[in-house]
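K.L.:
Predicted model and sequence follow; I will ask about them next.
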Amino acid sequence: YSLPENDIQRFLRLLRRQAIEVEPSEKLSVITRDPTDDRYLECALAGEATVIVSGDRHLLDLGEYRGVQILSPAGFIAFLKTVLPRLV
């Protein structure tokens, strides 16, 4: 994405400061082609996430699940450019 290494490291530090660990409270059976991917949805819901960033086709095919947007890394970068134009 041709971002300077300094900006990438700054962004990763920001993400780490904002990250929280969660324990899912429900077991889902949504992604039948790869049930292990359900864990990402479970964690997103438990953590009240608004976005999952993934390159996984099974997740991306959903597009959205219970209010959680599922974006590719490129889609997430495009989203960030709209909300944080100076960072990306």
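P.N.:
Perfect, thanks for sending it.
K.L.:
tell me the mean pLDDT for the longest helix anywhere in the chain?
P.N.:
The residue-count maximum for a helix in the chain (DSSP state H) belongs to helix 5-18. Mean pLDDT, helix 5-18: 91.
K.L.:
Could you do stretch 40-51 as well?
P.N.:
What stretch 40-51 shows for mean pLDDT is 96.
K.L.:
from here on, count from 686
P.N.:
OK, 686 is where the count begins now, so the last one is stretch 725-736.
K.L.:
Show me which positions of that stretch end up buried.
P.N.:
Residues of stretch 725-736 classed as buried: 725-727, 729-730, 734 (neighbour count, 16 or more other Cβ atoms under 10 Å). In this view, the C-beta of every residue, glycine as well, is placed from N, C-alpha and C.
K.L.:
now it, how far from the chain's geometric center?
P.N.:
9 Å (Cα atoms, centre = their mean, to the nearest Å).
K.L.:
sec struct for the closest residue to Gly732 other than its chain neighbours, please.
P.N.:
Closest residue to Gly732 apart from its sequence neighbours, by Cβ to Cβ, 6 or more residues apart in numbering: Val707 at 4.1 Å. Three-state assignment for Val707 (DSSP: H, G, I helix; E, B strand; the rest coil): coil.
K.L.:
residues in contact with Val707?
P.N.:
Residues in contact with Val707 (Cβ atoms under 8 Å, 6 or more residues apart in numbering) are 728, 731-732.
K.L.:
Format those as JSON lines; extra columns: secondary structure and distance to Leu744.
P.N.:
Formatted as JSON lines, those follow (DSSP: H, G, I helix; E, B strand; the rest coil; distance: Cβ to Cβ, whole Å):
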{"residue": "Cys728", "secondary structure": "helix", "distance to Leu744": "12"}
{"residue": "Ala731", "secondary structure": "helix", "distance to Leu744": "16"}
{"residue": "Gly732", "secondary structure": "coil", "distance to Leu744": "15"}
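K.L.:
Name the nearest of those relative to Asp692.
P.N.:
Comparing the contacts of Val707 against Asp692 with Cβ to Cβ picks out Gly732 as the nearest, at 25.4 Å.
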